[in-house]
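**Student:** here is a sequence with its predicted model. Questions after.
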Amino acid sequence: MTKSYGFDTLQIHAGATPDPATGARQVPIYQTTAYVFRDADHAAALFNLQEVGYIYSRLTNPTVAALGERIAALEGGVGAVCCSSGHAAQIMALFPLMQPGCNVVASSRLYGGTIQQFSNTIRKFGWSAKFVDFDDLAALEAAVDDNTRAIFCESIANPGGYITDLDAVAAVANRVGLPLIVDNTSATPWLCRPIEHGATLVVHSTTKYLTGNGTVTGGAVVDSGKFDWSASGKFPSLSAPEPAYHGLKFHEALGSMAFTFHSIAIGLRDLGMTMNPQGAHYTLMGIETLSLRMARHVENAQKVAEWLEKDPRVEFVTYAGLPSSPYHHRVARICPRGAGALFTVAIKGGYEACVRMVSALELFSHVANLGDTRSLVIHSASTTHRQLSPEARAKAGAGDNVLRLSIGIEDAADIIADLDQALARATA
Ligand SMILES: *Cc1c(COP(=O)(O)O)cnc(C)c1O
């Protein structure tokens, strides 16, 4: 697919051609586990990565591959690997880079589940994370040590209306010679293209806006193809003979596709966090309308945030689309089409008022999800962030008096009317 097509064309066509066997115009759901080899030589070539093709659906599947190619095209990367969830994508992004004893320097403003995964679960692999305020670039650079293998942040951070200065963070990553991994879930490539700001890898929870209809969990890791894995000797899995793949030197053999091939040939093969073709199909359907949906999400979020900020029952709104946000000045540079559709609102009356408000909302669904066509609400302090300490919650922008709203693509007037009646009942 030629790179000169615009975003709206790529979101429909990238990665897909009419099915060569049947002419089917839509990408078929290749519901198969395995693929017949033409002959023994063909099988050997596939296993040696000398020829690209399909072996077994834990590794690759044509429906899933179409989605991977499409996401890579939208992000401006050279390749992508799809996986079973956003959290799987994060492990898949770190896996080729890390060894036991290595660490990742991560922003303190991340999705609550990511803070949990990085604080505790990755320790079982012998990895660790150091959390730093990424507005403090000196602290970020100081946190990098000899065992650091990646720098990790979100473009628009979930949930506090924070926009990362990707250019500044990438400059630090560049100076210390480490890959920058950006979780672009909240922004989507329509609002922000992290690779253009210096990201090495982009991770997604495709569960959210990319699918957009709340049907499946999925994830993806996109490689920019720009990082030199051999320069520092810090990434032997990619630069040195890899014992897990009969001594193949991935970077030397596969160049800019080293990371993607490693992720498939070893990551998916041995970790097995594979996206299934049915799931890929739902995400392919969703992604066709990504730009249209995101435009409405952002337009609605702006209207709702402006309305809430003026309301006397509200303490504050953290939406970078509002001039009152300390991150408003970054919108034009990092996400010029808008600050996303996810923000928090602090309600007068604290924890109790928030709990009442969540029950009183009728159009909004109270769910642990975001990025659906529907408007969603969650009280993070009592749900997604409840396992964090109060300090970590406050730091992540999920204080007791705070509700997180994911603004859908319904009529803005209906969304506002629902918030109005629920605020009345919550703060009565
Ligand atoms: C949801 C989410 C994740 C995790 O994705 P899953 O698909 O739920 O595993 C990671 N990062 C962000 C920003 C998210 O919103």
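**Tutor:** Happy to help now that I have it. Numbers count the residues shown, from 1 in each chain.
**Student:** any regions of the stretch 251-400 of the chain where pLDDT drops low?
**Tutor:** For the stretch 251-400 of the chain, the stretches with pLDDT under 70 are 395-396.
**Student:** need the residues of it near the ligand, please.
**Tutor:** Selection of the stretch 251-400 of the chain residues close to the ligand by C-beta under 6 Å from any ligand atom yields Leu370. Bear in mind the C-beta positions are built from the backbone N, C-alpha and C, glycine included.
**Student:** mind listing the strands for the stretch 251-400 of the chain?
**Tutor:** Using DSSP state E, counting those that start in this stretch, the strands of the stretch 251-400 of the chain run over residues 314-318, 342-347, 365-366, 376-378.
**Student:** of those strands, which is nearest Thr200?
**Tutor:** Distance to Thr200, taken as C-beta to C-beta, is lowest for strand 342-347 among those, at 24.5 Å.
**Student:** okay, now the domains of the protein?
**Tutor:** Per automatic domain parsing, the domain ranges recorded for the chain read 7-286, 291-426.
**Student:** nearest to the ligand: which residue in the protein?
**Tutor:** Closest to the ligand within the chain is Gly86: 2.2 Å, counting by C-beta to the nearest ligand atom.
**Student:** how close does that residue sit to Met357?
**Tutor:** Using C-beta to C-beta, to the nearest Å, Gly86 is found at 27 Å from Met357.
**Student:** how about Met294?
**Tutor:** Distance, Met294 to Met357, using C-beta to C-beta: 26 Å.
**Student:** Val221 now?
**Tutor:** Val221 is 37 Å from Met357, by C-beta to C-beta.
**Student:** and the two? which has more neighbours close in?
**Tutor:** With neighbours defined as other C-beta atoms under 10 Å, Val221 and Met357 compare such that Val221 has more, 31 against 25.
**Student:** out of the strands of the stretch 251-400 of the chain, which is closest to Phe250?
**Tutor:** Across the strands of the stretch 251-400 of the chain, the minimum distance to Phe250, taken as C-beta to C-beta, is reached by strand 342-347, at 36.1 Å.
**Student:** surely Gln117 meets His87?
**Tutor:** Yes - using C-beta atoms under 8 Å, Gln117 is in contact with His87, at 5.9 Å.
**Student:** out of the two, which sits in the busier spot?
**Tutor:** Between Gln117 and His87, counting by other C-beta under 10 Å, His87 is the more crowded of the two (21 against 18).
**Student:** list the contacts for the more buried one?
**Tutor:** Shown in contact with His87 (C-beta atoms under 8 Å, 6 or more residues apart in numbering): Gly113, Thr114, Gln117, Ser205, Gly219.
**Student:** grab the longest helix from the chain for me.
**Tutor:** Counting residues, the longest helix found in the chain (DSSP state H) is helix 290-310.
**Student:** circling back: excluding chain neighbours, what is closest to the residue of the chain closest to the ligand?
**Tutor:** Ser205 (2.5 Å; C-beta to C-beta, 6 or more residues apart in numbering).
**Student:** give the bridge partners for that neighbour, please.
**Tutor:** Here Ser205 sits in beta bridges with Gly219, going by DSSP bridges.
**Student:** tell me the pLDDT at it?
**Tutor:** Reported pLDDT at Ser205 in the predicted model: 98.
**Student:** wait, it sits on Ala89?
**Tutor:** Yes - using C-beta under 8 Å, Ser205 and Ala89 qualify as a contacting pair, with a distance of 7.0 Å.
**Student:** list residues touching both of these two?
**Tutor:** Each of Gly219 lies in contact with both Ser205 and Ala89 under the rule C-beta under 8 Å, 6+ apart.
**Student:** in TSV: the strands of the stretch 251-400 of the chain, plus mean neighbour count.
**Tutor:** As requested, these are exported to TSV (neighbours: other C-beta atoms under 10 Å):
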stretch	mean neighbour count
strand 314-318	19
strand 342-347	25
strand 365-366	15
strand 376-378	23
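**Student:** turn those into JSON lines, columns for distance to Asn213.
**Tutor:** JSON lines is the format used below for the strands of the stretch 251-400 of the chain (distance: least, C-beta to C-beta, whole Å):
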{"stretch": "strand 314-318", "distance to Asn213": "26"}
{"stretch": "strand 342-347", "distance to Asn213": "17"}
{"stretch": "strand 365-366", "distance to Asn213": "13"}
{"stretch": "strand 376-378", "distance to Asn213": "12"}
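**Student:** so is stretch 154-168 next to the ligand?
**Tutor:** Yes - contact of stretch 154-168 with the ligand (C-beta under 6 Å from any ligand atom) involves Glu154, Asn158.
**Student:** so how far is that stretch off the chain centroid?
**Tutor:** A distance of 12 Å separates the centroid of the chain from that of stretch 154-168, by C-alpha atoms, centre = their mean, to the nearest Å.
**Student:** for stretch 199-219, same thing?
**Tutor:** Put simply, stretch 199-219 sits 6 Å off its chain's centre (C-alpha atoms, centre = their mean).
**Student:** ends of that stretch, what's the gap?
**Tutor:** Start-to-end span of stretch 199-219 (C-alpha to C-alpha, to the nearest Å) is 17 Å.
**Student:** quick one: check that stretch for contact with the ligand.
**Tutor:** Yes - applying C-beta under 6 Å from any ligand atom, one finds stretch 199-219 touching the ligand at Ser205, Thr207, Lys208, Thr217, Gly219.
**Student:** count the residues that sit near the fourth one.
**Tutor:** Other residues near Thr217 number 19, with proximity taken as other C-beta under 10 Å.
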